[in-house]
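Visitor: Got a sequence here, can you build the structure:
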Amino acid sequence: RLQTDSSVTLAKNTAGPGGGNCIVTVTFNLDRKTTANFAVRKALAHAVDRDRMVRQVLFGLGRAAGAPINRGISWAHAKGALAQYDFNPAKAESLLEGAGFNKGGDGNRLTLDIVHFPRFSKYIEVMKQDLAAVGVNLVSRPLDRSAAVSTIFGKRDFDLNLISYCNGADPDIGVKRMYVSNNIGNIPFSNGAAYRNTEVDALFNEAGQTSDNAMRADKYKQIQKILARDLPYWWLVEGQFLTAHTSKLSGFRTWSGNFAVKAH
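Guide: Next comes the predicted model:
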């Protein structure tokens with residue numbers, strides 16, 4: 001109704017009050033034997049229908065993530081040449097069988113838990129359905145924010161977790177924290193996968209030490225190729241924020257995340 005109402009102006013943006021350029025992301029606990037298995041991680045990625053999430057969870061207000069860096073940071077986003085994990089349940093089942101996870105009498109191959117904030121429950125419902133179709137029993141563990149942060153980054157008591165990681169305006173601030181090996185530990189919203197790659201560490205450091213944007217973009221694209229190959233996380237969807245205001249007014253910085261700021 002609002003879209004057809006000329007008295008209302010709508011704007012879709014990649015930034016909102018909660019952050020900017022966010023990607024709803026599955027973290028694999030690389031300290032756990034099962035999720036440290038690359039074939040399992042790859043199978044889980046092939047088993048989840050991200051386009052269905054966009055339709056049924058976001059109601060079209062978003063898109064499947066194309067890379068570890070949000071498309072909102074266009075200069076650093078890798079637009080192609082990355083390892084791809086399309087929705088392919090048959091391939092997922094083949095990978096799980098090849099890894100030694102055969103179906104039991106109940107149809108299950110393995111059971112994994114996933115820690116998440118309650119507000120992400122709709123994503124979990126889609127994942128549970130998709131993973132059940134390939135024989136993976138996903139156990140939902142919804143926890144409030146403080147308990148989830150402690151469980152994930154302090155106790156590291158999870159197989160998978162689901163978090164919206166916001167990339168911010170620059171990868172050196174909002175992306176680097178997820179992947180560098182010196183950011184593993186009891187630090188909220190850090191490298192929850194416990195991913196370690198010295199080449200990635202070096203590339204992030206080099207990108208952060210130069211003001212040459214072309215050079216930085218090249219290094220971030222190299223990083224994304226490595227991350228897509230190693231798959232320490234699975235990048236599900238990029239959400240969008242929707243704002244509405246009366247068409248009598250204009251000039252709002254809707255893209256900034258601060259929709260209205262009181263003038264003094």
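
Visitor: how about the strands in the protein?
Guide: Residue ranges of the strands in the chain, as given by DSSP state E, are 8-13, 15-16, 19-20, 22-28, 62-64, 110-116, 136-142, 160-166, 233-239, 241-246.

Visitor: Turn these into TSV, including distance to Asn213, mean pLDDT and mean neighbour count.
Guide: In short, each C-beta sits where N, CA and C put it, glycine included. As requested, the strands of the chain are exported to TSV (distance: least, Cβ to Cβ, whole Å; pLDDT from 0 to 100; neighbours: other Cβ atoms under 10 Å):
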stretch	distance to Asn213	mean pLDDT	mean neighbour count
strand 8-13	22	88	14
strand 15-16	20	72	20
strand 19-20	18	80	18
strand 22-28	22	97	24
strand 62-64	25	94	18
strand 110-116	35	98	19
strand 136-142	41	98	17
strand 160-166	21	96	23
strand 233-239	22	96	23
strand 241-246	26	86	14
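
Visitor: Would you state the helices of this structure in chain order?
Guide: Using DSSP state H, the helices of the chain run over 33-36, 38-47, 50-56, 89-98, 121-132, 145-149, 171-174, 198-208, 213-230.

Visitor: Let's have those helices in TSV, adding mean neighbour count and mean pLDDT.
Guide: Output for the helices of the chain, formatted as TSV (neighbours: other Cβ atoms under 10 Å; pLDDT from 0 to 100):
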stretch	mean neighbour count	mean pLDDT
helix 33-36	15	98
helix 38-47	23	98
helix 50-56	17	97
helix 89-98	18	98
helix 121-132	18	98
helix 145-149	15	96
helix 171-174	20	94
helix 198-208	16	97
helix 213-230	18	97
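
Visitor: hmm, back to that, and the strands of the chain: which comes nearest Leu95?
Guide: In terms of Cβ to Cβ, the element of these nearest to Leu95 is strand 136-142, at 11.2 Å.

Visitor: Give me the residues contacting that closest one.
Guide: Under the criterion Cβ atoms under 8 Å, 6 or more residues apart in numbering, residues 44, 47, 96, 108-118, 120-121, 124, 127-128, 131-132, 151, 158, 160 lie in contact with strand 136-142.

Visitor: List the strands paired with it, with their directions.
Guide: Strand 136-142 has the following strand partners under DSSP bridges: strand 110-116 (parallel).

Visitor: just the angle between the partner strand and strand 160-166, please?
Guide: Strand 110-116 and strand 160-166 are oriented at 30 degrees to each other (axes from the mean of the first three to the mean of the last three Cα atoms, to 10 degrees).

Visitor: could you dump strand 110-116 to CSV, C-alpha only?
Guide: Output of strand 110-116 as CSV, limited to C-alpha atoms (Å, rounded to 0.1, in the frame of the first residue of the first chain):
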residue,chain,number,x,y,z
LEU,A,110,24.5,-36.3,11.8
THR,A,111,23.2,-33.8,14.3
LEU,A,112,24.6,-30.3,14.7
ASP,A,113,23.5,-27.5,17.0
ILE,A,114,23.3,-23.8,16.0
VAL,A,115,23.4,-20.9,18.5
HIS,A,116,21.5,-17.8,17.6
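
Visitor: how far is that strand from where the chain is centred?
Guide: 16 Å (Cα atoms, centre = their mean, to the nearest Å).

Visitor: Just want the angle from that strand to helix 38-47.
Guide: Angle of strand 110-116 versus helix 38-47, following the same axes, to 10 degrees, is 70 degrees.

Visitor: Just the pLDDT at Lys176, thanks.
Guide: Looking at Lys176, its pLDDT is 98.

Visitor: Quick check: it vs Thr210, distance?
Guide: 14 Å (Cβ to Cβ, to the nearest Å).

Visitor: ok, those two, which is more surrounded?
Guide: Between Lys176 and Thr210, Lys176 has the larger neighbour count (other Cβ atoms under 10 Å), namely 22 against 11.

Visitor: That one: what's it in contact with?
Guide: Residues in contact with Lys176 (Cβ under 8 Å, 6+ apart) are Asn183, Phe204, Gly208.
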